[in-house]
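Peer 1: Predicted model follows, preceded by the sequence.
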Amino acid sequence: MTRNAKTPPPIDPIEQDFQDALERLEGGAPLDPKLAKQAKLGTLKINVSVVAQEAGHSRTLIGHDGCKYPRIRTRIMALKAPVAPTTNAEMVIRHLREENAELRRKLGQRDTENAALIVRLRQLEIDTQRALRKAERMANRSEKPSDQLAGASIPSERGEILPFPAPQEE
């Protein structure tokens, strides 16, 4: 006696759409414009959402364990293994542009910091000059006799003694 192998149920049009979409994604030629751009850049990853988007159907049809199309889900899960990144000219150029932008940002930050340091240095120069002038004034004041009033002098060379006015009572 021979056993009849269990034949898979016939494929309905929606499952066929999912299979076609999966084959296009595997081949790197999706029809969806966003996915085509990602495929061109080498950043397209095959997953449930991407297959559903390419097929034009809801991802809930293939998105969970008890879904309506388990064969498609099984194929997708097998393909989700990490893929080594490809290095082509576009990726290298994109990486270099990102690095260039980062370096330009750092240069701008450096210029801003240098400008702040220059302003601070100038303020310190002004403060230093002010402190030097004040120290000179203080040194000049200390050279004069301590009993001398500003704008007046004691007539000591004539030997006169000036009396202090008597305090007035109020």
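Peer 2: Alright, I've got the coordinates. Numbering: from 1, shown residues only.

Peer 1: distance between the helix or strand containing Q16 and the chain's centre?
Peer 2: Assigned by DSSP states H and E, Q16 belongs to helix 13-27. Relative to the centre of its chain, helix 13-27 is centred 39 Å away, using C-alpha atoms, centre = their mean, to the nearest Å.

Peer 1: Next, the angle helix 13-27 makes with the next helix or strand after that helix.
Peer 2: Sequence order places helix 33-41 as the next helix or strand after helix 13-27, per DSSP H and E. Computed by axes from the mean of the first three to the mean of the last three C-alpha atoms, to 10 degrees, the angle separating helix 33-41 from helix 13-27 equals 30 degrees.

Peer 1: pLDDT below threshold where in the chain?
Peer 2: 1-10, 81-86, 142-163, 170 (pLDDT under 70).

Peer 1: Mind doing that once more with 90?
Peer 2: The chain contains residues with pLDDT under 90 at 1-15, 25-28, 36-46, 59, 61, 63-72, 74-92, 137-170.

Peer 1: before we move on, the earlier item: kindly export the helix holding Q16 (C-alpha atoms) in CSV.
Peer 2: Coordinates of the C-alpha atoms in helix 13-27 are reproduced here as CSV (Å, rounded to 0.1, in the frame of the first residue of the first chain):
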residue,chain,number,x,y,z
PRO,A,13,-4.8,34.8,-5.2
ILE,A,14,-3.8,36.5,-2.0
GLU,A,15,-1.2,33.9,-1.1
GLN,A,16,0.0,34.1,-4.7
ASP,A,17,0.5,37.8,-4.2
PHE,A,18,2.5,37.2,-1.1
GLN,A,19,4.7,34.6,-2.8
ASP,A,20,5.3,36.9,-5.8
ALA,A,21,6.2,39.8,-3.5
LEU,A,22,8.6,37.6,-1.6
GLU,A,23,10.3,36.5,-4.7
ARG,A,24,10.6,40.1,-6.0
LEU,A,25,12.1,41.1,-2.6
GLU,A,26,14.5,38.2,-2.7
GLY,A,27,15.6,39.1,-6.2
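
Peer 1: buried sites along stretch 69-80?
Peer 2: Neighbour-count burial for stretch 69-80, counted by 16 or more other C-beta atoms under 10 Å, picks out Y69, I72, R73, R75, I76. In short, each C-beta sits where N, CA and C put it, glycine included.

Peer 1: Angles on the backbone of the last one, please.
Peer 2: With angles defined as degrees, to the nearest 10, I76 sits at phi -60, psi -50.

Peer 1: if I look at it, how far off is L35?
Peer 2: 14 Å (C-beta to C-beta, to the nearest Å).

Peer 1: What is the burial count for E54?
Peer 2: 24 (other C-beta atoms under 10 Å).

Peer 1: rewinding a little: now the helix holding Q16: buried residues?
Peer 2: Within helix 13-27, the residues that count as buried by 16+ other C-beta under 10 Å are I14, E15, D17, F18, Q19, A21, L22, R24, L25.
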